[in-house]
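Visitor: Please work out how this folds:
(one chain, ligands or ions: 1)
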Amino acid sequence: MPTPEEFLDETREQGLRELEDFLRIPSISSQPDHADDVRRAAGHLAEQYQRIGLQNTEVIDTAGHPVVYADWLKAPGKPTVLLYGHYDVQPVDPLDLWKSPPFEPIRQDGQLLGRGSSDDKGQIALHWQAMDALLRTTGELPLNIKVIAEGEEEIASIHFEAFVRANRDRLKTDYCVVSDTTMVARGLPAITYALRGLIYFELRVEAATVDMHSGLMGGIAPNPAQALAEILTRLKDPAGQILIPGFYDGVLPLSEEERGQFARVPFDETALKQTYGLEALHGEAGFTPTERNWARPTLDVNGIWGGYQGPGAKTIIPAWAAAKISCRLVPDQDPKTVAAALRDYINDIRPKTVRLRLTELEGESNPWITPVDHPLIKAAHAALTRVYGQDPALIRSGGSIGAVEVMGRLLDAPCLLVGFVLPDCFAHAPNERLDIESFYLGRKAATQLWKEIASIPSQPRPLPGGAGARDVQIQLVVTRDGSVVGFN
Ligand SMILES: [Zn+2]
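Guide: Alright, predicted model coming up:
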């Protein structure tokens, strides 16, 4: 019997073909005319899970696109991991920029081209193939695994929270693992351990019920566009420091170890400026761009409008002006507290000549972190070091992944983000591609990941009520920053 690694070496071609079949299904979640394809992709994925020997496979309906579930729970005494991926993909336009049809995958120069090849079907496939290798060669998995694949990640996971709430028992787990991120570079894997959260507002400033003549009313009426500008410029100083009292309360300081880890990740300022046509970078003093992006909160004006916008001149004082404002939040800021602080502050500083309406928009999310010295991170670190021959980078991300925050919060389980695709995979863009060698290495890394996680103890869980409650086990109590505070 071959080892799992040998099995994976022998099944490279088959593995790619399996992925190509999956990629041929155009599961674009945002487009209603692809709804049947999305469902077909879910069914196809469920078949793969069944074929490799997972159990309780089910395509679970939600109010939107379905979630695929499967599990393998025959490792008593071992931890349980919930593995998350998504089988939906982004739209493909502009189609004329694709070198080949997006849903007819082709191989070219070591890359597999096709929509979803890296984000996220390729990562889903490498996991089912790693589990297949373990099951076929050893007859078992080293731990208990529950797999879910979402069909709405590309449309902001709109029904995911309701799904997790409704399936809390079924999804109960010790740890969550998400493979939907990228490596830092070829051969240099990354473990993402924190994400930023988000709050979003629309601010409307009104001075009058109608636009006014700037000759007749100029010098008499207040100007809401001017008032809006005054408010916005008082939210942040020119150096990038946010001026809302209490805004930074709760921000966890970066440790020296984290700063050292961030510095390992290449940051090419010139290339970045070129990509976006930037004159210069801008942000809070005292932090590197990477630190500002990953571990510092921000406030941005996302849009601003009001008054006359057509061709030529129109001499008015507008009745109103508006702006969209959002904040990216970091651990351990609380979105509700920050939102209240922003509301109070804007109310304080507003010119008293105008009326304000501040509306919080949907999409609030909590920041999320698993401390770098958590056993889950350490296990992943060991697994990746073995496979890639160098320490993985421990990174955060400036973005927000709603599903991660939802699982962390509702399932009360530490989470780990580890991806096996390259950062230049053109996710969401034309010619999305998968580096084939990275895919093969990812399959091996996935088998190692389960072996390492299998060897860490289950996290402390609340004791069940009733008779079982007398069965007190001695467990470490670990705080969120990873320090041990005692036993229970
Ligand atoms: Zn994705």
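Visitor: which bits of the stretch 151-300 of the chain sit near the ion?
Guide: D180 (CB under 5 Å from the ion). C-beta here means a position set from N, CA and C on the backbone, and glycine is covered the same way.
Visitor: What helix or strand is the residue nearest to A322 when sequence neighbours are not counted located in?
Guide: Of all residues not flanking A322 in the chain, R204 sits nearest, at 4.5 Å (CB to CB, 6 or more residues apart in numbering). Assigned by DSSP states H and E, R204 falls within strand 197-206.
Visitor: Give me the next element, helix or strand, following that strand.
Guide: Next helix or strand after strand 197-206 toward the C-terminus (DSSP H and E): strand 212-213.
Visitor: Let me see the ranges of the strands in the stretch 251-400 of the chain.
Guide: 298-306, 316-317, 320-329, 355-360, 368-369, 393-397 (DSSP state E, counting those that start in this stretch).
Visitor: so how many other residues sit close to the closest residue to the ion within the stretch 251-400 of the chain?
Guide: In the stretch 251-400 of the chain, the residue that lies nearest the ion is G399 (10.8 Å; CB to the ion). Residues lying near G399 (other CB atoms under 10 Å) number 13.
Visitor: re the thing from before, the strand holding R204 versus strand 355-360: what angle between them?
Guide: With axes from the mean of the first three to the mean of the last three CA atoms, to 10 degrees as the basis, strand 197-206 and strand 355-360 are set at 160 degrees to each other.
Visitor: can you give me the offset of strand 197-206 from its chain's centre?
Guide: Centroid displacement of strand 197-206 relative to its chain, using CA atoms, centre = their mean, to the nearest Å, is 22 Å.
Visitor: what's the angle from that strand to strand 320-329?
Guide: Strand 197-206 runs at 170 degrees relative to strand 320-329, counting by the same axes, to 10 degrees.
Visitor: Mind giving me the packing neighbours of strand 197-206?
Guide: helix 224-233, strand 320-329, helix 335-349, strand 355-360 (3 or more CB pairs under 8 Å, 6 or more residues apart in numbering; DSSP states H and E).
Visitor: Switch those over to TSV; also include mean pLDDT and mean neighbour count.
Guide: Output for those, formatted as TSV (pLDDT from 0 to 100; neighbours: other CB atoms under 10 Å):
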stretch	mean pLDDT	mean neighbour count
helix 224-233	98	19
strand 320-329	97	21
helix 335-349	97	16
strand 355-360	97	14
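Visitor: give me the number of residues near the residue nearest to A322?
Guide: With other CB under 10 Å as criterion, R204 counts 17.
Visitor: Hmm, it is touching P318, no?
Guide: No. The pair R204 / P318 is not scored as a contact, 11.7 Å apart, by CB atoms under 8 Å.
Visitor: Could you list everything I148 pairs with in the sheet?
Guide: Y69, Y84 (DSSP bridges).
Visitor: Noted, bye for now.
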